[in-house]
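[1] what's the 3D shape of this:
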Amino acid sequence: MKRFIFIILTLSLLACSQRDDRFTIEVMNAYTPVKNQGSTKLCWAYAMLSAIETEHIMKGDSVELSVAWVERMMERDTLAPATKRGVALTLLREIERYGLVPFYAMRTIDEIPPHWAFLLGCQYTPLEFAHSVCAPDEYIGIGTTNLAPAYHYYIFDSPDNWHQGRLLNVPADSLLAITERAVRNHHGVCWEGDVSERGFDWKHGVARTSWLPSRTTDDHCMAIVGIARDEDGHPFFIMKNSWGTNNAQRGLLYMSFDYFREKTLAIVLPRACLGSQ
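    Numbering: from 1, shown residues only. Presented below is the predicted three-dimensional model:
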């Protein structure tokens, strides 16, 4: 009997991994080209910068931002680990301290950091440029936990949160509703959570909940750029990843709302999104 059950479960997993997923897009916000973080640990920077880019593009501003600058500035931060790991909130800390430049001004870590940033004929210091694309306190981190009162702030419990960044605690259903509303209203959103689940299938670009229970770990960050439904009508967030374009969705991934509900640790989005509740 045990062997029979094992065979059925194995066949079920194979069927899930081989299904031809077809999605109907309901919302697709604009985003800059998908990039590849390579062997770096900078998914948090790629994802959060992408969320900021989407926020501006959807407002009519053309902006593409430099991860290489952020990586170089991490070397100046005496608290930052040598691995340069971080969380989405880390990006907000780093550009508030060290500024930011456009992507074209510093494309790789090997380039000399520029002293000025130029945009639309204007000259900025890196700090001035950072504040022009991401004002202090413009973005807020949100999560859900049983260890703090609802609608109070708590320190994000992640090994990579070395600077003690804080999240606003909201109920799980509210976290999903806030995220969906923000995406539908064309805001940039950064997601942070667990991608080590069996249901996370990067090759096919789909993430669904698995029947196998597991602990949620802080593995990865991605930007949310849209919403879609599968053939059965189930809703999915469209995620922009930083692992290049070599998958079935050309660098995107469709994450079911159920997966989001179970495996999200934090989102970061414009604070103004909370005012529209």
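
[2] what's the nearest residue to residue 80 once chain neighbours are set aside in contact with, if anything?
    Closest residue to residue 80 apart from its sequence neighbours, by C-beta to C-beta, 6 or more residues apart in numbering: residue 74 at 4.7 Å. In this view, the C-beta of every residue, glycine as well, is placed from N, C-alpha and C. By C-beta atoms under 8 Å, 6 or more residues apart in numbering, the contact list for residue 74 reads 80, 84, 86, 94.

[3] And for residue 224?
    With the criterion set at C-beta under 8 Å, 6+ apart, residue 224 makes contact with 51, 179, 183, 189, 190, 191, 237, 238, 239, 240, 267.

[4] ok, now residue 121?
    Counting by C-beta under 8 Å, 6+ apart, residue 121 has no contacts.

[5] So residue 118: helix, strand or coil?
    strand (DSSP: H, G, I helix; E, B strand; the rest coil).

[6] Sort out for me which of the contacts of residue 224 are in helices.
    Within these, residues falling in helices by DSSP state H are 51, 179, 183.

[7] possible to save the contacts of residue 74 as a markdown table with secondary structure and neighbour count?
    A markdown table is the format used below for the contacts of residue 74 (DSSP: H, G, I helix; E, B strand; the rest coil; neighbours: other C-beta atoms under 10 Å):
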| residue | secondary structure | neighbour count |
| --- | --- | --- |
| 80 | coil | 18 |
| 84 | coil | 19 |
| 86 | coil | 28 |
| 94 | helix | 25 |
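
[8] Distance check, residue 65 against residue 109.
    Going from residue 65 to residue 109 by C-beta to C-beta, to the nearest Å gives 15 Å.

[9] Could you check which of those two has the larger neighbour count?
    residue 65 (28 against 16; other C-beta atoms under 10 Å).

[10] Hmm, residue 47 and that one touching each other?
    No. Assessed by C-beta atoms under 8 Å, residue 65 is found out of contact with residue 47, at 11.8 Å.

[11] tell me, what's touching those two both at once?
    What both residue 65 and residue 47 touch, as defined by C-beta under 8 Å, 6+ apart, is an empty set.
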